[in-house]
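Visitor: This is a predicted model, with the sequence first.
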Amino acid sequence: MGILIKIAFLPVIGYIWYLGGQGNRRLRLILVPIFIGLGAGLIIKDNILARVVYGLLVCGSFQAIRIGYGNYSPEDDPKPSFLASWTHDRNGWWIRAIWGLIVATSGTLALVAGHYIGYGLALMYILGYSALNFCVSRFRLPVLPCDLLVGAGLPAILLLIK
């Protein structure tokens with residue numbers, strides 16, 4: 001049953017991510033980390049206390065999505081995201097890659113610390129998610145496939161839990 005739970009979270013969170021980008025940002029900021037934490041708690045093969053604790057830690061670690069990844073455009077946006085004001089990247093490719101790196105690194109911390117994911121798999125997830133974010137921005141994918149890929153990439157970490 002574990003693999004079914006792992007796979008089920010990919011389209012669900014991908015769709016929530018898409019809906020959150022279409023006007024209701026709170027779906028992304030609140031539901032996505034909660035669902036990823038819930039998934040981790042369901043998948044971890046340990047006692048109930050460990051499941052609850054690590055589920056909450058994973059939920060908290062994915063709060064890094066709040067950092068934002070908007071392009072740098074001071075003409076159109078007087079208050080750019082932190083990464084935009086830091087990188088001055090007008091195309092958004094590097095902002096998205098850095099955002100993906102930060103989110104994936106933060107998201108894996110609790111699972112690596114609890115020995116539910118090895119260092120190699122964590123590094124693979126971090127680099128893969130960063131590359132995914134770079135590519136969807138670099139190749140200028142339309143909103144729907146872009147959001148579905150980026151959103152489904154977040155819970156892909158669940159596939160790596162032992």
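Guide: Looks like it came in fine.
Visitor: And Leu127, which helix or strand is it part of?
Guide: Element membership for Leu127 (DSSP states H and E) is helix 119-138.
Visitor: For that helix, buried residues please.
Guide: Of all the residues in helix 119-138, those buried under the rule 16 or more other C-beta atoms under 10 Å are 121-122, 125-126, 129-130, 132-137. (Glycine included, C-beta is placed from N, CA and C.)
Visitor: Take those residues and write them to TSV, including pLDDT.
Guide: Supplementary listing: the buried residues of helix 119-138 in TSV, determined by pLDDT from 0 to 100:
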residue	pLDDT
Leu121	97
Ala122	98
Tyr125	98
Ile126	98
Tyr129	98
Ser130	98
Leu132	98
Asn133	96
Phe134	97
Cys135	97
Val136	96
Ser137	93
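Visitor: looking at the chain, which helix or strand does the model trust least?
Guide: helix 82-87 (a mean of 83; mean pLDDT, DSSP states H and E).
Visitor: counting contacts, what elements does that one pack onto?
Guide: helix 93-113 (3 or more C-beta pairs under 8 Å, 6 or more residues apart in numbering; DSSP states H and E).
Visitor: what residue of this structure is the furthest out?
Guide: Relative to the mean C-alpha coordinate of the chain, counting by C-alpha atoms, centre = their mean, the farthest residue is Glu75 (28.7 Å).
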